[in-house]
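*Asks:* Sequence and predicted structure, then a few things I'm wondering about:
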Amino acid sequence: MASILEILRRASADLFQPRVLTVLFLPMLGALAVWGGLFWAFGDFWVTSLAGWVAGVPLPDWMGSAAAGWLVALGAYFLLVLLLLPAVYVTALLITSLVFMPLLVNVVASGRFPALERRRGGGFVGSLANGVFALAVYLMVWLLTLPFWLLGPFGAAVSVLLNAWLNQRLFLYDALAEHADGRELAALRRQAGWPLYLMAAFLGLLHFVPVLNFLAPVYMGLAFTHYGLEKLDQLRNPPP
């Protein structure tokens, strides 16, 4: 637990590096731009489709047509927000993974692991394949578990666990791809235990916090890079 807190502290300090500050908000702003553009183009269709689905839900007879129409519209917008929030979050993570992780890895490596050899066991193609796989699994499980949101805290717990899996699946590969060889990369990903998932779950909670959610993807990338490179350094240079 102490090592995880130290990793989070180091990642927090790296947020103020000039190179990091230049990209700090870009992943989330990029994701908002993508989904804002899609909503501008298809928003009416999305709302109409969701309203049609909500209208199929039986309503009490005592509710008048005006109240029923208002409830259907409210339900459609609620579902749309429920769908768009994770979409924006996942898009920001993918942008960070594919575009900004090389910069974040260089910041951490040059500052804390300058002697760590770069064996390049992964690359952009591997990162893209890893991201597509992680996204496919995440979307499938998220859709299957969507009804659990109706169960209150249990639904939130399912979301936290699912986000933790996505976070570690995306970023641990990217953190190690430049420095680890193929065997080291595979071994360290297999050895990921509860401390990694605990850190991933905590970092996943940040996207629920206003303002902090704008810097969460970059902070997440820094934290996983510190974790991955430290584990790689320990693998190559085990303590006596």
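*Replies:* Good, I have the coordinates. Model, not experiment: these values are computed from the prediction. Numbers count the residues shown, from 1 in each chain.
*Asks:* make it CA atoms for all contacts and neighbour counts henceforth
*Replies:* Will do.
*Asks:* Where does the prediction get shaky in this structure?
*Replies:* 1-2, 55-70, 72, 149-152, 155, 240 (pLDDT under 70).
*Asks:* isn't residue 222 right up against residue 16?
*Replies:* No. The pair residue 222 / residue 16 is not scored as a contact, 11.6 Å apart, by Cα atoms under 8 Å.
*Asks:* quick one, which of those two is more surrounded?
*Replies:* For residue 222 versus residue 16, neighbours defined as other Cα atoms under 10 Å are more numerous around residue 222 (29 against 12).
*Asks:* Now that one, what are its backbone angles?
*Replies:* phi -60, psi -40 (degrees, to the nearest 10).
*Asks:* Just list the residues touching it, thanks.
*Replies:* 11, 14, 104-105, 108 (Cα atoms under 8 Å, 6 or more residues apart in numbering).
*Asks:* which stretches of the chain form helices?
*Replies:* Assigned by DSSP state H, the chain shows helices spanning 2-14, 18-21, 26-55, 65-95, 101-112, 124-145, 153-177, 182-190, 194-205, 212-236.
*Asks:* got the angle between the fourth one and helix 194-205?
*Replies:* When you say that, I think you mean helix 65-95. Orientation check (axes from the mean of the first three to the mean of the last three Cα atoms, to 10 degrees): helix 65-95 against helix 194-205 gives 130 degrees.
*Asks:* In helix 65-95, which of the residues would be classed as buried?
*Replies:* For helix 65-95, burial by neighbour count (16 or more other Cα atoms under 10 Å) applies to 68, 71-73, 75-77, 80, 84, 86-95.
*Asks:* And the first one, by the same measure?
*Replies:* By neighbour count on 16+ other Cα under 10 Å, the buried set for helix 2-14 is 4, 7-8, 10-11, 14.
*Asks:* next one: the third one
*Replies:* In terms of neighbour count (16+ other Cα under 10 Å), helix 26-55 has its buried residues at 26-28, 30-32, 35, 47, 50-51, 54-55.
*Asks:* again with the shortest one
*Replies:* Across helix 18-21, burial judged by 16+ other Cα under 10 Å covers residue 20.
*Asks:* so what does that helix touch, helix or strand wise?
*Replies:* helix 101-112 (3 or more Cα pairs under 8 Å, 6 or more residues apart in numbering; DSSP states H and E).
*Asks:* hmm, back to that, so which of the helices of the chain gets nearest residue 118?
*Replies:* When those are compared by Cα to Cα, helix 153-177 sits nearest residue 118, at 8.9 Å.
*Asks:* relative to helix 124-145, how tilted is the closest one?
*Replies:* If you take the same axes, to 10 degrees, helix 153-177 sits at 170 degrees to helix 124-145.
*Asks:* Helix 153-177: how far from the chain's middle?
*Replies:* Mean-position distance between helix 153-177 and its chain equals 7 Å (Cα atoms, centre = their mean, to the nearest Å).
*Asks:* buried residues in it?
*Replies:* Buried residues in helix 153-177, counted by 16+ other Cα under 10 Å: 158-177.
*Asks:* elements contacting that helix?
*Replies:* helix 101-112, helix 124-145, helix 182-190, helix 194-205, helix 212-236.
*Asks:* Pick the most buried one from these.
*Replies:* helix 212-236 (a mean of 22; mean count of other Cα atoms under 10 Å).
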